[in-house]
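> can't give you the sequence, but here's the structure:
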């Protein structure tokens, strides 16, 4: 169910001029990067959003009316009232950093590692920010829109170990 | 080894001044590589275990062996083509993935399905839940030595595969849903096969209960192993049977009723212990509840069309309409021509279903084209596998398979 008015009022108390929108029953709020940690803490501790459903990212390169290069998406849910809220944070290409949510939700650990792996967003304060799905030697961020579907030949350059050498 | 002892002796005899002697943990910890090809991982995933004798001190998951860029492909395949990729995510219950993907697409489009399509989607996703739980519990039994139990479970999965083959022609990778409806309508043969399954399956469930629920060996292996508390389950984003075994009562079928779940009478199965046994029991109980839902749905299956009408311009019209009416013909060509398709709003949305493994959701960004701008999948296996090191710490090596089995990690969904 969409976020209640009380939740939105509580958010507005910390964020003057809060931008919210609703689409097909989803409540979305745009949060500036500086206030993200504060807003997440407020929602968890005072509004009961105890479940971090997902952390993901969208690369808005060439997207119509794009606000900035990357948009991080935090999906939160309240497991008692079933309220849901979507937070969106925009970050630029030159400084893709954002505070980590791991101090609040342990579940953010792997979700943020995946976003780092695929988009190169750096989560400040993350305990273990390494690549997770791709090999450590990989240098590109494949879910960025400027990365081609068929790759840049990384697979052909993987080191080959033969049985007799291994 | 003798060198190590000599160094240790020297350290004990003459401790360096100031600092206490530091023992490198490598001196007494074993490192064991578990996987990526190990029969008990069932799929391709790797764990590096640090062992103190038989006790697991730490487990470091190393994943990504099956990463195939499903989310990148989602940005290049159109909304109907991508359903074939969702089959390959959690391939134990592909029907549930199909329903989740097209549920999210239809939410983005603002489409309301026909009652018959809703009921059929409920039936196939509940059958998928039974099939998934049978495999998960069967594999837990197999890994802990109960081979008979596994065969009982797999025998019934075969019946579900037959039903899926009847309804969509494919046993394994179903791709049954389409935007605005389904690939085919259900036939009387499908209804007959589902009814036969509903008659036969309770007996198997009773047999399975009798095989393991009072089995001393099984109980000793799963009771009190891998305990996850309710706070940890929420804090670590767990959903589905794993969270419900820890006392979380969240079930999207009840809490955010999608499709036709509002019409059915069923219970949410929970436990409070949070150990492997609780997860096993929750899954066994959920199969009985799924049976209740399928029974109610198949007996009250609404008649009428299975796809939305041609005025919605999303689902292919019936062949009869294509051959006999001009609207049907135009609509058909509009949909199949490569530069046409349907209009998608310039918006983003998230929709989730209660998949057998937990909350399976898709975050879709539409940009007006017939392909998604971004198709993010919230994979329950990925989130649950992150909990694994926490659950296994302090248990013995033989408990690794019990905990891994009870989490139901499907590596294709884990790595996508």
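Nice, thanks for sending it over. The shown structure was predicted, so the numbers you read here are calculated from the model rather than taken from an experiment.
> quick one: the strands in the stretch 301-416 of chain B?
Remark: strands assigned in the stretch 301-416 of chain B by DSSP state E, counting those that start in this stretch are B:348-355, B:358-365, B:374-378.
> meant to ask about the stretch 101-250 of chain B, not that
Assigned strands in the stretch 101-250 of chain B, in chain order: B:177-178, B:181-182 (criterion: DSSP E, counting those that start in this stretch).
> Likewise for chain A?
A:19-23, A:26-30, A:51-59, A:70-77, A:84-91, A:97-99, A:122-124 (DSSP state E).
> now those strands in JSON lines, with mean neighbour count?
No exception for glycine: its C-beta is placed from N, CA and C like everyone else's. What follows is the strands of chain A, written out as JSON lines (neighbours: other Cβ atoms under 10 Å in any protein chain shown):
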{"stretch": "strand A:19-23", "mean neighbour count": "13"}
{"stretch": "strand A:26-30", "mean neighbour count": "19"}
{"stretch": "strand A:51-59", "mean neighbour count": "25"}
{"stretch": "strand A:70-77", "mean neighbour count": "24"}
{"stretch": "strand A:84-91", "mean neighbour count": "21"}
{"stretch": "strand A:97-99", "mean neighbour count": "18"}
{"stretch": "strand A:122-124", "mean neighbour count": "16"}
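> Tell me which of those strands lies nearest to chain B.
strand A:51-59 (4.5 Å; Cβ to the nearest Cβ).
> Can I get the strands of chain A in CSV including mean pLDDT and distance to chain B?
Converted to CSV, these look like this (pLDDT from 0 to 100; distance: least, Cβ to the nearest Cβ, whole Å):
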stretch, mean pLDDT, distance to chain B
strand A:19-23, 86, 5
strand A:26-30, 90, 6
strand A:51-59, 92, 4
strand A:70-77, 92, 6
strand A:84-91, 92, 7
strand A:97-99, 92, 17
strand A:122-124, 92, 15
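> what residues does chain A put near chain B?
A:1, A:23-24, A:26, A:50-54, A:56, A:58-59, A:63-65, A:73, A:75, A:79, A:82, A:86, A:105-111, A:114, A:118, A:132-135, A:142-143, A:147, A:149 (Cβ under 8 Å from any Cβ of the partner chain).
> Quick check: residue A:129 touching residue A:112?
Yes - taking Cβ atoms under 8 Å as the definition, residue A:129 is a contact partner of residue A:112 at 7.3 Å.
> closest point of chain A to chain B, which residue?
residue A:107 (3.1 Å).
> Residue B:365 versus that residue, what's the distance?
23 Å (Cβ to Cβ, to the nearest Å).
> the more surrounded of those two?
A side-by-side neighbour count of residue A:107 and residue B:365, using other Cβ atoms under 10 Å in any protein chain shown, places residue A:107 first with 26 against 22.
> list the contacts for the more buried one?
Applying Cβ atoms under 8 Å, 6 or more residues apart in numbering or on different chains, we find residue A:107 in contact with A:52, B:235-238, B:383, B:386.
> Let me know whether stretch B:395-412 sits next to chain A.
No - counting by Cβ under 8 Å from any Cβ, chain A has no neighbours in stretch B:395-412; the shortest distance is 11.3 Å.
> Tell me if stretch B:39-59 is near chain A.
No - shown here: stretch B:39-59 not in contact with chain A (Cβ under 8 Å from any Cβ), separated by at least 11.6 Å.
> ok, which stretches of chain A are helices?
A:5-14, A:36-45, A:108-119 (DSSP state H).
> Point out the most buried one among those helices.
Most buried of the helices of chain A, by mean neighbour count (mean count of other Cβ atoms under 10 Å in any protein chain shown): helix A:108-119, with a mean of 23.
> average model confidence for that one?
Here helix A:108-119 scores 92 as its mean pLDDT.
> how far out from the middle of the chain is it?
Remark: helix A:108-119 is offset 8 Å from the chain centroid, using Cα atoms, centre = their mean, to the nearest Å.
> quick one: it to strand A:70-77, angle?
Angle, helix A:108-119 to strand A:70-77, by axes from the mean of the first three to the mean of the last three Cα atoms, to 10 degrees: 150 degrees.
> Measure how helix A:108-119 sits relative to helix A:36-45, angle-wise.
Using the same axes, to 10 degrees: helix A:108-119 against helix A:36-45 is 140 degrees.
> that older thread, out of the strands of chain A, which is closest to residue B:216?
Taking Cβ to Cβ, strand A:51-59 is the member of the strands of chain A nearest to residue B:216, at 37.1 Å.
> Indicate each strand paired with the closest one and its parallel or antiparallel sense.
For strand A:51-59, the paired strands and their directions (DSSP bridges) read strand A:70-77 (antiparallel).
> Contacts for the partner strand, please.
With Cβ under 8 Å, 6+ apart, strand A:70-77 has contacts from A:36, A:40, A:43-44, A:49, A:51-60, A:83-93, A:96, A:98, A:101, A:115, A:119, A:121, B:348, B:350, B:361, B:363, B:376, B:378.
> which ones are touching residue 67?
This is for chain A. Applying Cβ under 8 Å, 6+ apart, the residues near residue A:67 are A:60, A:90.
> Wait, chain B was what I had in mind.
A:133-134, B:415-416.
> Pull the most distant pair out of those.
Distance extremes for the contacts of residue B:67: the farthest pair is A:134 and B:416 at 12.0 Å, using Cβ to Cβ.
> How about the residues of the stretch 1-150 of chain B by chain A?
Within reach of chain A by Cβ under 8 Å from any Cβ, the stretch 1-150 of chain B has these residues: B:63-64, B:67, B:69, B:71-73, B:76, B:107-108, B:110.
> Weed out the non-buried ones from these.
Buried members of the residues of the stretch 1-150 of chain B next to chain A, scored by 16 or more other Cβ atoms under 10 Å in any protein chain shown, are B:63-64, B:67, B:69, B:71-73, B:107-108.
> For these, give me CSV that also has pLDDT and secondary structure.
Converted to CSV, those look like this (pLDDT from 0 to 100; DSSP: H, G, I helix; E, B strand; the rest coil):
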residue, pLDDT, secondary structure
B:63, 89, coil
B:64, 87, coil
B:67, 89, coil
B:69, 88, coil
B:71, 91, helix
B:72, 91, helix
B:73, 91, helix
B:107, 92, helix
B:108, 91, helix
